[in-house]
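> What follows is a predicted protein model with its sequence.
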Amino acid sequence: MTSESTTARVTLSHLDELWFQVTGTRCNLTCNHCFISCSPHNNSFGFLSRTEIQNSLEESKQLGVKGYYFTGGEPFLHSEMVEILEDTLQIGPATVLTNATVLKDEWLQRLQQAQSESRYSLEFRVSIDGFDAETNDPIRGEGTFARAIRGVEKLVHAGFLPIITATRTWKDSEDSSMLSGFISMLKQRGYSQPRIKLLPTLKLGAEQNRSGGYSEQQRVTGAMLQDYDRSQLVCEHSRIVTDRGVHVCPILIESPDALLSNDLTTAAQKPYTLSHGACFTCYQYGAICSNISTGSGPSGASS
Amino acid sequence: MSVRLALFGGIYNNYLALEAALKAAKALGVDEYYCLGDIGAFGPFPDRSFPLLYENQVHCIQGNYDDSIGNQLDNCQCGYTDPRDNYFAQISYDYTLENTNADNQKFLRGLEKERVLKIEEQKILLCHGSPRKTNEFLWESTTPLHFLELFFHQREVDCIAGTHTGIKWHANTSLGQFVNVGVLGRPENDGTTNVWFTTLDISRDGIQHNFHPVVYDYDRLSREMQLEGLPDEFIETIQTGRWTTCLEVLPQKERQRLNH
Ligand code: SF4
Ligand code: SF4
Ligand SMILES: [Fe+2]
């Protein structure tokens, strides 16, 4: 049955968020929960050139895009990342999802300069998977906790207020003690009013779920979308540009049916049928989507 | 000919600031008064703002808070996402709902969500958050001009005015001007204790906006908040001009105003 009532079709209400998979699947780290398996050698998605991004930015103005998001891989492996962000800040606010392990002071100074000359904010989101090396490093790699914190220090030194996104690797009841521990650690490093977002624990479970595959019942149906607040779903207000074209959302870039078009305007007009198991997770835990999305904003498992 | 409007943003129960703003507006020779919504929240004695609005014929637009209080919803619909922000928002909301009488609730329920004024051949759209969503946060540093232009294109107006975020700003786009009128309810996150309202001078030649600081008796407000058992965190904001709650929605630039 594929009638309108049983098909879970989502139409974009407005293109609020435009994402760029700026460094494809290339990352200097190899986190074991990365949902698109980024690594130093994964070239399945390639880099976007500065010119390609400039073209999309230009096209996006007609569509009234509200904010620009850069993810990878690790965006700062791109040799022109600073220039790309400078270009973006000419027309709107930018957010970069980074693992903060490769940042250079000189880049950050330039970016702070670009921000102060712009009317718009440049936000950094730094993912950390635990408040110390013991919890973070087994997931993200040996020594990555110390390197990420060093990156946070550089950001703060350059005058930025990065948003630290931390996955809960502890019991809910330990939330406040973990949070205050992390706050005081960041304060000691010179970050006086840290911005911290805790991500739900279910991410790892969800990733296992995802790789383990979903059962046939775990699909979103049209009926389920009735009276549902669709703005919870990233695909209701976003699209992502990769070197292959424009896809429905950052989560599904590897699925052929999620590649909607070569141009933004067409991709914005195309509705998408929520046919994947991952959509079921989005539907159930809007939080999963917003992890790699904006609003509440924390970054997710690909940065 | 020129017409002068006073536009008040969220009052948040700060009837003392409303009183001071009305007085200041009168001194400026304002022709008409508008409030862009969120009459309740944050401050003490919700019922004290309403007589001032009624007596001075302040035309009100319905904000998210007014919709919630008027219809006795479970929460304020402010649109916060951080758990701590929501915790404090709920304290103000429960207090305000409990202390807003039935007549005032009825008034809030009946308010319109937007209004288009036609004055001196200029069209001005008054809304609370944005023309598309009552509780949309439009911050200066996260609202591209090309995004605003879409609203001017769709609505064919010369000026759009809103509030909701708590910090005033203005932008000229190629199709019209946008103004966030600020709020009377609490100071901006800039370390000063005054609050703000906006006037528009409207003539056939154009629309000129002006932001006006309002100095009011914030010590008295603080004492009354304490008396009513409202959180110390709120009082601190009134006393210092620093936001201590509902802070996580602030974009970096608006947040940096205090960090540097
Ligand atoms: S994975 Fe989530 S955001 Fe992507 S299409 Fe499915 S529901 Fe939409
Ligand atoms: S989760 Fe982020 S940092 Fe880790 S491998 Fe993936 S892209 Fe790189
Ligand atoms: Fe509001």
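Cool, the structure landed. Ligands and ions are numbered 1, 2, ... in the order given.

> what sits against the residue nearest to B:Gly29 when sequence neighbours are not counted?
Nearest in space to B:Gly29, with sequence neighbours left out and distances taken as Cβ to Cβ, 6 or more residues apart in numbering or on different chains, is B:Arg4 at 6.2 Å. (Glycine included, C-beta is placed from N, CA and C.) Contacts for B:Arg4 were tallied using Cβ atoms under 8 Å, 6 or more residues apart in numbering or on different chains; they are B:28-31, B:199-202.

> Narrow those to those that are buried.
B:30, B:199-202 (16 or more other Cβ atoms under 10 Å in any protein chain shown).

> I'd like to know which of the residues you listed are part of helices.
Secondary structure assignment (DSSP state H) places none of the buried ones among the contacts of B:Arg4 within helices.

> Throw these into JSON lines and include distance to B:Leu150 and pLDDT, thanks.
Converted to JSON lines, those look like this (distance: Cβ to Cβ, whole Å; pLDDT from 0 to 100):
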{"residue": "B:Val30", "distance to B:Leu150": "31", "pLDDT": "98"}
{"residue": "B:Thr199", "distance to B:Leu150": "27", "pLDDT": "98"}
{"residue": "B:Leu200", "distance to B:Leu150": "22", "pLDDT": "98"}
{"residue": "B:Asp201", "distance to B:Leu150": "27", "pLDDT": "98"}
{"residue": "B:Ile202", "distance to B:Leu150": "23", "pLDDT": "98"}
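
> what is the rounded mean pLDDT of the helix or strand hosting the residue nearest to B:Gly29?
Taking DSSP states H and E as the criterion, the element that holds B:Arg4 is strand B:3-8. Strand B:3-8 shows a mean pLDDT of 98.

> In the chain, what residue spans correspond to strands?
Using chain A here. In chain order, chain A shows strands spanning A:9-10, A:17-21, A:67-71, A:94-98, A:122-128, A:163-167, A:195-199, A:238-242, A:245-247, A:259-261, A:272-273, with DSSP state E as the criterion.

> Chain B was what I was after
Counting by DSSP E, residue ranges of the strands within chain B are B:3-8, B:32-35, B:58-60, B:115-119, B:122-126, B:159-162, B:169-172, B:177-180, B:195-203, B:206-214.

> Show me the contact partners of the second one.
Applying Cβ under 8 Å, 6+ apart, the contact partners of strand B:32-35 are B:3, B:5-9, B:11, B:22, B:25, B:53, B:56-61, B:115, B:126.

> quick one: strands adjacent to it?
Taking DSSP bridges as the criterion, strand B:32-35 forms sheet pairs with strand B:3-8 (parallel), strand B:58-60 (parallel).

> now for these, which one comes closest to ligand 2?
Distances from ligand 2 to each of those were compared by Cβ to the nearest ligand atom, and the smallest falls on strand B:3-8, at 45.2 Å.

> Can you report how many residues neighbour A:Glu59?
Counted with other Cβ atoms under 10 Å in any protein chain shown, the burial measure for A:Glu59 works out to 16 neighbours.

> ok, it - contacts?
By Cβ under 8 Å, 6+ apart, A:Glu59 lies in contact with A:263-265.

> now, which of those sits nearest A:Ile128?
Proximity of these to A:Ile128 (Cβ to Cβ) peaks at A:Leu264, which lies at 32.5 Å.

> Once you drop chain neighbours, what's closest to the closest one?
Among residues not flanking A:Leu264 along the chain, A:Glu59 sits closest, at 4.9 Å (Cβ to Cβ, 6+ apart).

> From B:Thr142, how far off is the one you found?
A:Glu59 sits at a distance of 20 Å from B:Thr142 (criterion: Cβ to Cβ, to the nearest Å).

> Mind pulling the model confidence for the closest residue to chain B within the stretch 101-250 of chain A?
Closest approach of the stretch 101-250 of chain A to chain B (Cβ to the nearest Cβ) occurs at A:Ser121, with a separation of 4.1 Å. Confidence at A:Ser121, expressed as pLDDT, is 98.
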